[in-house]
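Undergrad: mind looking at a prediction? Sequence and model below.
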Amino acid sequence: MTNSGRSDLQISVLAIVFLLLAAGIIVRLFWLQVFDYNYYSTLALDTHEIYKKLYPERGSVYFQDTRSGNVYPAAVNKEYYLIFAVPKDIPDSDVSSTVDKLATILNFSPEEKGVLGQRLSKRDSVYAVVAKKQTEETVNKITAAKLTGVDYVGQQLRFYPENELAGNVLGFTGFDEQGNPRGSYGIEGYWDKTLAGQGGFLSGELGAKGGWIALGNRTVIDPVNGADLVLTIDRSLEFQGCELLRAGFEDYNAQSAALILLNAKTGAILTMCSLPDFDPNNYSKVTDEAEFNNTTIFTPYEPGSVFKSITMSMALDLDLVSPSTPFADPCKRYINGYEIRNAMDKCYGQTTMTGVLENSINTGAIAAEEKVGKDRFKSYIDKFGFGEKIGVSLNTEAKGDVSQLNRKSDVGYATASFGQGITITPLQLAVAYAALANGGQMPKPYIVEELRYPDGRKEKTTPEIIDDIISPRASKLLTGMLTSVVEKTYTHSIRLPDYYIAAKTGTAQIPGPGGYTEETNHTVAGYFPANDPQFVLIVKYEKPKRQWAEGTAGPVFRQMANFILKYYGVKEER
């Protein structure tokens, strides 16, 4: 081939190569501009347009000292640190030693150390999480170690200074799918929007040197911080009540436990304990989600004999009985083909309506219910709010079940008179007893004393009365009867030497698939001081390994009642 021919061939080859390169560039540009448009337009925002979401500060939650008005942090924001690594910046020769030093500082288990080693061994990786929610002390140790490719960033996260105290009441703050803080359960869940506040944003366009192209193109909306909540919970009473409840919970090997203390006149919840509980700081370590539930509002149960006080209040209100009305115990009743007996098959002979409560006579409660009649009994049940949510501002509340009364069967009403066949929550029971104590007026329970907004506004909760359930006369008569119950029956378990208490116990068999089992729920419900009731207290244990409520919930009730009265300096009655 001549030199001229070779030159023409080379030119042709080069032309084809340039044509192919040009075609490749055109195809690549088309792909970038059409198929990858959204991706690269989003990247462009980082350099030409700013859209920065401004996060508001989450409001704090406080306990209080109800005597002085001082407040104590229950849920606040705290600076934590996220430790991360850039594996591609760590020299190959330093990976092993970096893993060793980090694992030592962070007190990693062998398994956690192994996972960290795998993450840092990915040499093309630009980001690997090492540890979350670390303290400044840990950050200082890592900084002092001078580890190449390891860094940290500050994070505002939720912190609960009291750990488990009122954990089921407070709930916890986690994150949603977008990584935004989100409250769950309890106060954090119910008041999430109020606590979270409202986010703002900053948007605009920057020039090549990083400055704003035009001020008119910039939009700024400031965030609104969340409101602070001051709870009605008294910190000292909460601690004392929960510790007493926990001691019994462990001693009696119970499955769950609940304690509620109400201001009898206003409905303010001074103490609310639920076991088992959890530490909101470590909510992710909870293996059984049932631990998140607040038993006082979430778990309806058959209350048993503590309900006899409710039935007796109806008959007193209608003036159908008096405390001294005679009652001849038939020992057992046959209703709709069912045999109903007293506990332990006891028979009490001739007594009074006060004796019915003192001896917790099932047949006596049935007699009172029959005098009231089905329609009026159901009407009172509705007025007391059983079968409906009370409406307390906590997640998540159950309403209980009184639907068996809709069937109008004689036996259904008979068993309901002494607290079987219907279910209620401990909070519903507490509010009902508040009505018995408060001259028949039932207060609406509340747990938030005050909202404090970032602009300085304060919104205080005003106590309210839901309804007049029974007359003041019936309330006084029943209080005398329940005081007699304590004085004559619970001398060693509940009675106090300096004060009079009005209370009733309940040991209720728990229903199973084949009928009632031998397992029981134990409850003491009462109020004090009897001459001028100020406090309502409910103590409940589920499936304790003891026989009677008087020996389980009773001592806890007595110790807590004595502490409360001394705490507030209530004048001795005796």
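TA: Happy to help now that I have it.

Undergrad: quick one: least confident helix or strand in the chain?
TA: None of the helices or strands of the chain scores lower by mean pLDDT, DSSP states H and E than helix 37-48, at a mean of 42.

Undergrad: pLDDT score for the closest residue to Asn336 other than its chain neighbours?
TA: Leaving aside its chain neighbours, Asn336 sits nearest to Val411 (4.1 Å; criterion: Cβ to Cβ, 6 or more residues apart in numbering). Every residue, glycine included, has its C-beta placed from N, CA and C. pLDDT, Val411: 96.

Undergrad: name the residues of the strand or helix carrying Val411 that are buried.
TA: Secondary structure from DSSP states H and E places Val411 in helix 410-416. If you call a residue buried by 16 or more other Cβ atoms under 10 Å, then helix 410-416 has these buried ones: Val411, Gly412, Tyr413, Ala414, Thr415, Ala416.

Undergrad: the fifth one is in contact with Ile340, isn't it?
TA: Yep, that's Thr415 we're talking about. Yes. Assessed by Cβ atoms under 8 Å, Thr415 is found in contact with Ile340 at 7.1 Å.

Undergrad: going along the chain, name the strands of the stretch 251-400 of the chain.
TA: Under the criterion DSSP state E, counting those that start in this stretch, the stretch 251-400 of the chain contains strands at 256-263, 269-275, 326-328, 332-335, 338-341, 350-352.

Undergrad: for Asn521, find the nearest of those.
TA: Nearest to Asn521 among these is strand 256-263 (9.3 Å), distances taken as Cβ to Cβ.

Undergrad: tell me what the strand or helix carrying Ile538 is packed against?
TA: When elements are assigned from DSSP H and E, Ile538 belongs to strand 535-542. When contacts are defined as 3 or more Cβ pairs under 8 Å, 6 or more residues apart in numbering; DSSP states H and E, strand 535-542 sits against helix 235-251, strand 256-263, helix 295-298, helix 426-437, strand 515-528, helix 553-567.

Undergrad: which residues does the last one contact?
TA: Which is helix 553-567. 67, 236-237, 240-241, 244-245, 247-248, 259, 261, 490, 493-496, 498-499, 501, 503, 505, 522-524, 526, 528-529, 535, 537, 539-541 (Cβ atoms under 8 Å, 6 or more residues apart in numbering).

Undergrad: so how far is Thr425 from the residue positioned nearest the centre of the chain?
TA: Taking Cα atoms, centre = their mean, the centroid of the chain lies closest to Gly186, which sits 3.0 Å from it. Taken as Cβ to Cβ, to the nearest Å, the spacing of Gly186 relative to Thr425 amounts to 15 Å.

Undergrad: is Ser256 in a bridge, and if so with what?
TA: Beta-bridge pairing for Ser256 (DSSP bridges): Glu542.

Undergrad: run a quick neighbour tally on it.
TA: By other Cβ atoms under 10 Å, 20 other residues sit near Ser256.

Undergrad: residue contacts, it?
TA: Shown in contact with Ser256 (Cβ under 8 Å, 6+ apart): Ser274, Leu275, Pro276, Thr295, Thr299, Tyr541, Glu542, Lys543.

Undergrad: would you mind checking these for buried ones?
TA: Buried members of these, scored by 16+ other Cβ under 10 Å, are Ser274, Leu275, Pro276, Thr295, Thr299, Tyr541, Glu542.

Undergrad: so the fifth one makes contact with Ala398?
TA: When you say that, I think you mean Thr299. Yes. Thr299 is within contact range of Ala398, at 7.0 Å (criterion: Cβ under 8 Å).

Undergrad: overlap in contacts, those two.
TA: Shared contacts of Thr299 and Ala398 (Cβ under 8 Å, 6+ apart): Thr425.

Undergrad: using a markdown table, lay out the helices and strands packed on strand 535-542 together with distance to Ala128 and mean pLDDT.
TA: Output for the helices and strands packed on strand 535-542, formatted as a markdown table (distance: least, Cβ to Cβ, whole Å; pLDDT from 0 to 100):
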| stretch | distance to Ala128 | mean pLDDT |
| --- | --- | --- |
| helix 235-251 | 41 | 98 |
| strand 256-263 | 42 | 98 |
| helix 295-298 | 40 | 96 |
| helix 426-437 | 47 | 98 |
| strand 515-528 | 51 | 95 |
| helix 553-567 | 50 | 98 |
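
Undergrad: let's see the pLDDT reported for Leu32.
TA: As predicted, Leu32 sits at a pLDDT of 45.

Undergrad: what's stretch 458-471 in contact with?
TA: Applying Cβ under 8 Å, 6+ apart, the external contacts of stretch 458-471 come out as 232, 265-268, 313-314, 316-317, 380, 383-385, 431-432, 435-436, 440-444, 446, 448-453, 478.

Undergrad: pLDDT on the strand holding Ile538, on average?
TA: In the prediction, strand 535-542 has an average pLDDT of 98.

Undergrad: can you go through the contacts of helix 553-567 and name the buried ones?
TA: Buried members of the contacts of helix 553-567, counted by 16+ other Cβ under 10 Å: 236-237, 240-241, 244-245, 248, 259, 261, 490, 493-496, 499, 501, 503, 505, 522-524, 526, 528-529, 535, 537, 539-541.

Undergrad: run the chain-centre distance for the helix or strand hosting Glu111.
TA: Per DSSP H and E, Glu111 falls inside helix 110-120. Relative to the centre of its chain, helix 110-120 is centred 35 Å away, using Cα atoms, centre = their mean, to the nearest Å.

Undergrad: beta partners of the residue nearest to the centre of the chain?
TA: With DSSP bridges as the criterion, Gly186 is bridged to Asn395.

Undergrad: right, and it touches Thr173 too?
TA: No. Using Cβ under 8 Å, Gly186 is not in contact with Thr173, being 10.5 Å away.

Undergrad: domain-wise, how is this structure divided?
TA: 87-148, 232-567 (automatic domain parsing).

Undergrad: for these, which one ends up most surrounded?
TA: domain 232-567 (a mean of 20; mean count of other Cβ atoms under 10 Å).

Undergrad: which residues in the stretch 351-500 of the chain form helices?
TA: Remark: helices assigned in the stretch 351-500 of the chain by DSSP state H, counting those that start in this stretch are 353-358, 362-372, 374-384, 410-416, 426-437, 472-489.

Undergrad: adding distance to Lys458, write the helices and strands packed on strand 535-542 out as CSV.
TA: Below are those laid out as CSV (distance: least, Cβ to Cβ, whole Å):
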stretch, distance to Lys458
helix 235-251, 20
strand 256-263, 20
helix 295-298, 27
helix 426-437, 26
strand 515-528, 31
helix 553-567, 26
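
Undergrad: Gln547: which of these is closest?
TA: Proximity to Gln547 (Cβ to Cβ) singles out strand 515-528 among those, at 8.0 Å.
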